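1. build the 3D model from these lines:
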Amino acid sequence: MNKCLLILSFIYLAEGQQEVSVHLKQDVTLVCQSSSVENISVLMWSRSDLNSDGYVYFYRNKRCFESYQHPWFHGRVMLRDAGMKGGDASLILKNATFKDAGIYKCHLLVRELVESRRSHSEISQVINLTVTDAAEARGNMRDNLIHPEDADGNTQSRDAAAGRSHVVAVVALVAAVAVLVVAGFITIRSLTRKTKAVLY
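-> Purely as a prediction, here's the structure:
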């Protein structure tokens with residue numbers, strides 16, 4: 001009878017992939033949330049390209065095992081809530097570098113007791129982390145502000161504007177020359193009349 005009460009039932013829940021971006025040298029939170037507030041018996045944070053060399057973070061039976069952790073993450077990761085209250089298994093990654101970019105997986109084993117039966121729910125969530133250079137992002141933003149019409153790499157609008165400015169300058173120059181010619185003609189004609197008046 002007691003053995004029947006200890007029958008284990010497993011429920012596996014998978015979430016869609018999250019897209020997360022962080023600036024270089026900034027901290028970032030990788031969110032992993034269990035819908036259950038019961039005990040989290042096992043938590044495994046891993047990265048697909050580092051699985052054979054260790055975990056990003058490994059927790060079991062209320063303690064973290066640094067011996068299972070990949071050396072790259074030693075001293076650089078911590079739980080957002082050490083007690084994982086409310087099923088919060090989110091991880092904070094400190095001082096992000098370009099080497100931190102990749103696919104992260106949060107795998108939870110949640111222990112529950114339903115109608116005298118021990119049940120374990122397995123929850124898996126995937127995060128794609130992108131690391132960007134803040135200085136480069138600011139430079140791109142500044143370029144877009146200077147030439148917003150060229151944000152997509154198209155320079156035709158800017159060339160057209162330069163062409164129009166050139167035409168306007170030429171027209172203004174021609175007009176100025178015409179004014180000078182007319183003024184000169186009028187002046188010469190006036191002087192001619194005065195000279196004739198003096199002679200006669």
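2. how close does the closest residue to Arg60 other than its chain neighbours sit to His23?
-> Nearest in space to Arg60, with sequence neighbours left out and distances taken as Cβ to Cβ, 6 or more residues apart in numbering, is Val42 at 5.0 Å. Just so you know, the C-beta spots here come from the backbone N, C-alpha and C atoms, and that holds for glycine as well. Distance, Val42 to His23, by Cβ to Cβ, to the nearest Å: 32 Å.
3. cool, Asn39 as well?
-> Counting by Cβ to Cβ - Asn39 and His23 are separated by 36 Å.
4. one step back: next, work out how far apart the residue nearest to Arg60 and Ser48 are.
-> Distance from Val42 to Ser48, by Cβ to Cβ: 19 Å.
5. quick one, which of the two is more surrounded?
-> Neighbour count, other Cβ atoms under 10 Å: between Val42 and Ser48, Val42 has more, with 15 against 10.
6. could you say which helix or strand holds the more buried one?
-> Val42 belongs to strand 39-47 when assigned by DSSP states H and E.
7. contact partners of that strand?
-> Under the contact criterion Cβ atoms under 8 Å, 6 or more residues apart in numbering, strand 39-47 has outside partners 30, 32, 34, 55-61, 70, 77, 84, 87, 89, 91, 102-112, 120.
8. what about 6 Å?
-> The contact list for strand 39-47 (Cβ atoms under 6 Å, 6 or more residues apart in numbering) reads 55-60, 84, 89, 91, 102, 104-111.
9. drop anything exposed from those residues.
-> 55-59, 84, 89, 91, 104-110 (16 or more other Cβ atoms under 10 Å).
10. have a look at these and tell me the least confident one.
-> Ranked by pLDDT, these bottom out at Val110 (85).
11. find the nearest non-adjacent residue to that one, please.
-> Ser121 (4.5 Å).
12. can you pull out the low-pLDDT segments for this protein?
-> Applying pLDDT under 70 to the chain flags residues 1-15, 36-38, 113-116, 136-171, 174, 177-179, 181-200.
13. ok, now with 90
-> By pLDDT under 90, the weakly predicted segments of the chain are 1-17, 33-41, 48, 50-53, 61-62, 83, 85-87, 110-123, 134-200.
14. so which of the contacts of strand 39-47 belong to strands?
-> The strands, defined by DSSP state E, take in 57-60, 91, 102, 104-111 from the contacts of strand 39-47.
15. these two touch, right, Ser34 and Gly87?
-> Yes: counting by Cβ atoms under 6 Å, Gly87 is a contact partner of Ser34 at 3.3 Å.
16. more neighbours: the two, which one.
-> Remark: of Ser34 and Gly87, Ser34 carries more neighbours, 21 against 18, as counted by other Cβ under 10 Å.
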